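> can you look at this prediction? I've put the sequence above it.
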Amino acid sequence: MWHKGETNSPADIAGVRIGHASDQKAKTGTSVVVFDSPSTASVSILGQAPGTRETELLDPSRTVDRIDALVLSGGSAFGLAATEPVVQELAKAGRGFQAGPARVPIVPAAILFDLANGGEKPDDLQAHYRSLGQSAFHNADRSPRLGEVGAGAGATIGTGGSGALGMASCVFGKDAPESLQGKTVAALVAVNAVGSPFLDRGPYLRAWPFELDDEFGGLGAGPVDPTRLFMKTLAEPGQNTTIGCIITDTALDKRGCHSLAIAGQDGIAAAIYPAHTALDGDLVFGASVATSDPLSDPGLLALVQAAGTATMARSIARGIHKVLQKDRSML
């Protein structure tokens, strides 16, 4: 039905650029998704301890339906400051919706908690994240980067090892319905979950059924117990979350983007156990860069959702696999 995109990342979608800024000493970072043209978007929040900016306006019942960029950042509430320079830079470029004499860029954001990961945090955290946000915006390009970068630079997971930033994409093939052939669905995610992406202690990954072309090792399910539970010890609400986005060049309206975001949450649940807990702030943005008439056939939308679920699960696994290649001690 679908195959990997050329870069296996959101860069496979025209008009999408991604930038990262990382501080390895502080063990934190920021990622920015820049849309070259305003894009339709919505959000699904299933975790019970989220940290966000401008997500309420993405509800399908709200008026504003297009965004200019997305920000994912470490830093907990301080990390929301990373959004400010992104808004400023977009405003300078004349982006945003017209509000009287002013243009107002719409840049929703979500953060994860990485303040207690052993990094040397600066005294002025808000200024630090403003700097990271500006750097990430100016670094935005079409080069895929995975692992301990950007919003995933200081992330951790339930087994006690490092989390990651992951990406993946899929392209509908010739056996898909004609209107979907050549369309792309892509994901970007920062994994900082209270749960674990591994089956047992690994290295086998829960997302293995969705793997394409051995992209995260081709290990399969392995001879392990998939029901074993691994969670961060002494975890508290607000200190864990998986945040990400699903983007497509399939035409979707705001309600369709909301459905796509929900499908991304299914991908989180397929790749991480447990997910969406009282200790997590799991959030997925859904976005469409297309400007043509949106899909009206629920069967076609269901196929896009299925691709979104699989691609989010793959994105999580690819990010973790990248870190695992560097550091086997995370098992």
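Noted; the coordinates are in hand. Numbering: from 1, shown residues only.
> gap between the residue nearest to residue 125 when sequence neighbours are not counted and residue 139?
Nearest non-adjacent residue to residue 125, counting by Cβ to Cβ, 6 or more residues apart in numbering: residue 78, 3.8 Å away. C-beta here means a position set from N, CA and C on the backbone, and glycine is covered the same way. Distance, residue 78 to residue 139, by Cβ to Cβ, to the nearest Å: 20 Å.
> more neighbours, these two?
Between residue 78 and residue 139, residue 78 has the larger neighbour count (other Cβ atoms under 10 Å), namely 22 against 19.
> what ranges of the chain fall below the confidence cut-off?
For the chain, the stretches flagged by pLDDT under 70 are 233-238, 328-331.
> what about the helices in it?
83-92, 125-138, 254-271, 298-326 (DSSP state H).
> buried set for the last one?
It stands for helix 298-326. For helix 298-326, burial by neighbour count (16 or more other Cβ atoms under 10 Å) applies to 300-301, 303-305, 307-324.
> I figured the residue nearest to residue 125 hits residue 126, correct?
Yes. Counting by Cβ atoms under 8 Å, residue 78 touches residue 126, with 5.4 Å between them.
> using CSV, please lay out the helices of the chain together with distance to residue 278.
Below are the helices of the chain laid out as CSV (distance: least, Cβ to Cβ, whole Å):
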stretch, distance to residue 278
helix 83-92, 26
helix 125-138, 26
helix 254-271, 15
helix 298-326, 20
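> closest to residue 186 out of those?
helix 298-326 (6.4 Å; Cβ to Cβ).
> which secondary structure elements does the closest one contact?
Where contact means 3 or more Cβ pairs under 8 Å, 6 or more residues apart in numbering; DSSP states H and E, helix 298-326 is packed against strand 164-172, strand 184-192, strand 241-248, helix 254-271.
> got those as CSV, with mean neighbour count and distance to residue 9 columns?
Shown next, in CSV, are these (neighbours: other Cβ atoms under 10 Å; distance: least, Cβ to Cβ, whole Å):
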stretch, mean neighbour count, distance to residue 9
strand 164-172, 28, 4
strand 184-192, 31, 6
strand 241-248, 32, 10
helix 254-271, 25, 15
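> can you say which of those is nearest to residue 109?
Across the helices and strands packed on helix 298-326, closest to residue 109 is strand 241-248 (Cβ to Cβ), at 9.3 Å.
> sheet-wise, list the partners of that closest one with their directions.
Under the criterion DSSP bridges, strand 241-248 sits next to strand 184-192 (antiparallel), strand 283-288 (parallel) in its sheet.
> got the angle between the longest one and strand 164-172?
Think strand 184-192. 160 degrees (axes from the mean of the first three to the mean of the last three Cα atoms, to 10 degrees).
> now do strand 184-192 against helix 298-326, angle only.
Following the same axes, to 10 degrees, one obtains 50 degrees for the angle between strand 184-192 and helix 298-326.
> contact partners for the nearest residue to residue 11 once chain neighbours are set aside?
Spatial nearest neighbour of residue 11, chain neighbours left out: residue 142 (3.9 Å); criterion: Cβ to Cβ, 6+ apart. Listed by Cβ atoms under 8 Å, 6 or more residues apart in numbering, the contact set of residue 142 reads 7, 11, 16, 17, 18.
> surely the first one touches residue 145?
So that's residue 7. No. Taking contacts as Cβ under 8 Å, residue 7 lies outside contact range of residue 145: 10.5 Å.
> for those two, indicate the residue with more neighbours.
A count of neighbours by other Cβ under 10 Å puts residue 145 above the other of residue 7 and residue 145, at 20 against 16.
> who's in contact with that one?
Contacts of residue 145 by Cβ under 8 Å, 6+ apart are 18, 20, 165, 167.
> nearest spatial neighbour of the third one, skipping sequence neighbours?
It stands for residue 165. residue 152 (3.0 Å).
> what does residue 316 give?
Residue 316 sits nearest to residue 271 (Cβ to Cβ, 6+ apart), 4.0 Å away.
> quick one: that neighbour from residue 33, how far?
Relative to residue 33, residue 271 is positioned 20 Å away (Cβ to Cβ).
> looking at the helices and strands packed on helix 298-326, which is nearest to residue 25?
Across the helices and strands packed on helix 298-326, residue 25 has its closest neighbour in strand 164-172 (17.8 Å, Cβ to Cβ).
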